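Student: kindly generate the corresponding structure for this input.
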Amino acid sequence: MTSSGLAGRVALVTGGAGGIGRAIAAALCQEGAAVAVADLDHDAAVACAATLGQAGADGGRAVGVRIDVSNSSDVGAAIAVAERELGPVEVLVNNAGIDVIEPFVESKEETWRRIVEVNYLGPVLCTRAVLDGMIERGYGRIISISSDAGKVGSSGEVVYSGTKGGLIAFSKALAREVATSGITVNCVCPGPTDTPLLDQIAERSQKMYDALARAAPMRRLGQPADIAPAVVFLASDGAAFITGQALSVSGGLTMT
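Tutor: Residues are numbered from 1 along each chain as shown. As a prediction, this is how the structure comes out:
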């Protein structure tokens, strides 16, 4: 038996088919939650859900759905499918995100717009789509994956850092508005984490990549499995009095 209070809860994880999102979906499923693995790659989402459903604890179930978080109609359709299959979404994890590692002066407007659409507008759209139901039921957990780059900035990730900082501010403001409705809103802020996104840094500069690991007091990069427990905690009953927070999970790289 699990003690998190997540058994039977319905969670939706965007960008859930790989990297940090997959680790989060797996951890929630292990706690007995019914998990909608929502991803732009529908086949990957379905495959991931099939694997997670077999491993889930306490009857945890999983279903794969396609979602383009930057498109409001697509978001609505994806959530409708998830709720038809599993039930009303009680835990939303805004994890989907993109970036292009390059100096700001070399970046293009097309890139900026896409990063803003996915990393900032995406969580706004997904949050709005589930919020009315959460308010009506008097319960909800909204957890967005921001980044330490949103707190302190990151060279080569100027617009990305801006979206992640904006996501923190959005979450804090929303937390104030819905605090009396039984809904908590928090962010988890990973430091440098071993995902395909970080591979872009290695491609540009192996020296920079190696420096990231040395910069953290723990002297290593994060792994997706390091991030997932923080999300599970913020979704759990034990975090019912925690809202408006941005928790860094970075091996001590950022201490705020």
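Student: so which residues of this structure form strands?
Tutor: 10-14, 34-39, 62-66, 91-94, 140-145, 183-190, 246-249 (DSSP state E).
Student: select, out of those strands, the one closest to F104.
Tutor: strand 183-190 (21.2 Å; Cβ to Cβ). For the C-beta atoms, the positions are set from N, CA and C on the backbone; glycine is no exception.
Student: quick one: that closest one to strand 140-145, angle?
Tutor: 20 degrees (axes from the mean of the first three to the mean of the last three Cα atoms, to 10 degrees).
Student: coming back round to it: which of the strands of the chain sits most buried?
Tutor: Ranked by mean neighbour count, these are led by strand 34-39 with a mean of 32 (mean count of other Cβ atoms under 10 Å).
Student: adjacent strands (with direction) for that strand?
Tutor: Paired strands of strand 34-39, with direction, are strand 10-14 (parallel), strand 62-66 (parallel) (DSSP bridges).
Student: mean confidence for stretch 167-178?
Tutor: Averaging pLDDT along stretch 167-178 gives 98.
Student: nearest to P217, of the strands of the chain?
Tutor: Closest among these, using Cβ to Cβ: strand 246-249, at 12.2 Å.
Student: need the longest helix for this structure.
Tutor: helix 158-178 (DSSP state H).
Student: on that earlier part again, got TSV for the strands of the chain, with mean pLDDT and distance to Q200 too?
Tutor: Compiled in TSV, those are given as follows (pLDDT from 0 to 100; distance: least, Cβ to Cβ, whole Å):
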stretch	mean pLDDT	distance to Q200
strand 10-14	98	21
strand 34-39	98	20
strand 62-66	97	25
strand 91-94	98	22
strand 140-145	98	18
strand 183-190	98	15
strand 246-249	97	20
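Student: quick one, the longest helix of the chain and strand 183-190 angle?
Tutor: 160 degrees.
Student: circling back to that earlier point, could the strands paired with strand 34-39 go into TSV alongside distance to R141?
Tutor: Shown next, in TSV, are the strands paired with strand 34-39 (distance: least, Cβ to Cβ, whole Å):
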stretch	distance to R141
strand 10-14	8
strand 62-66	18
